[in-house]
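Asker: Predicted model and sequence below, questions to follow.
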Amino acid sequence: MMADMSDDDLRQYVATIPEILPVHYDALMRLHDADKVPQTVSVADLNASLFVDTFEEIMNHVLDGKSYPCFSSECFVCLEDYNGPDAIAHLICGHFFHKTCAFQYFERYSRLCPICKEDVL
Ligand SMILES: [Zn+2]
Ligand SMILES: [Zn+2]
């Protein structure tokens, strides 16, 4: 019956158990795993804090003498090369991804940069 409960219900149920018995270990392990899921970021926060340029604009900045030490010509999330009109998101850590790849990644999986593990916000 514990396997059918949502994590929140399970958490409440576990809090009411007067004495933890071996039969409860599965539930405790599951909550332990649930707590390890990395925090993600909302689209609104991403929109507010990521810089976005097209690949063309970034190349123009480079021609103007700006240097991006961490820039590579492919996106680390989807491993595709950037094309001129692609929207590219810069993170504060200096890493770059397609805007759509970055949003999917930070919204669904983690709020940490997949390359350097810096917090994205
Ligand atoms: Zn990508
Ligand atoms: Zn990074």
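Answerer: Perfect, thanks for sending it. Ligands and ions are numbered 1, 2, ... in the order given.

Asker: near ligand 1, which residues of this protein?
Answerer: With the criterion set to CB under 5 Å from the ion, the chain comes near ligand 1 through 75, 77, 78, 98, 101. Bear in mind the C-beta positions are built from the backbone N, C-alpha and C, glycine included.

Asker: Now intersect these with the helices, please.
Answerer: residue 101 (DSSP state H).

Asker: pLDDT, distance to residue 5 and neighbour count for the residues of the chain next to ligand 1 - can I get that in JSON lines?
Answerer: What follows is those, written out as JSON lines (pLDDT from 0 to 100; distance: CB to CB, whole Å; neighbours: other CB atoms under 10 Å):
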{"residue": "75", "pLDDT": "95", "distance to residue 5": "39", "neighbour count": "21"}
{"residue": "77", "pLDDT": "93", "distance to residue 5": "34", "neighbour count": "17"}
{"residue": "78", "pLDDT": "95", "distance to residue 5": "36", "neighbour count": "13"}
{"residue": "98", "pLDDT": "97", "distance to residue 5": "38", "neighbour count": "23"}
{"residue": "101", "pLDDT": "96", "distance to residue 5": "34", "neighbour count": "19"}
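
Asker: Would you mind giving the domain segments of this protein?
Answerer: 2-36, 43-108 (automatic domain parsing).

Asker: so where do the helices sit in this protein?
Answerer: So, for the chain - with DSSP H - the helices run 7-16, 25-36, 43-49, 55-63, 99-108.

Asker: Confidence-wise, which of these is weakest overall?
Answerer: Across those, helix 25-36 has the smallest mean pLDDT, namely a mean of 76.

Asker: what residues does that one touch?
Answerer: Under the criterion CB atoms under 8 Å, 6 or more residues apart in numbering, residues 2, 3, 7, 10, 11, 13, 14, 20 lie in contact with helix 25-36.

Asker: what about the fifth one, neighbour count?
Answerer: The tally of other residues near residue 11 (other CB atoms under 10 Å) stands at 15.
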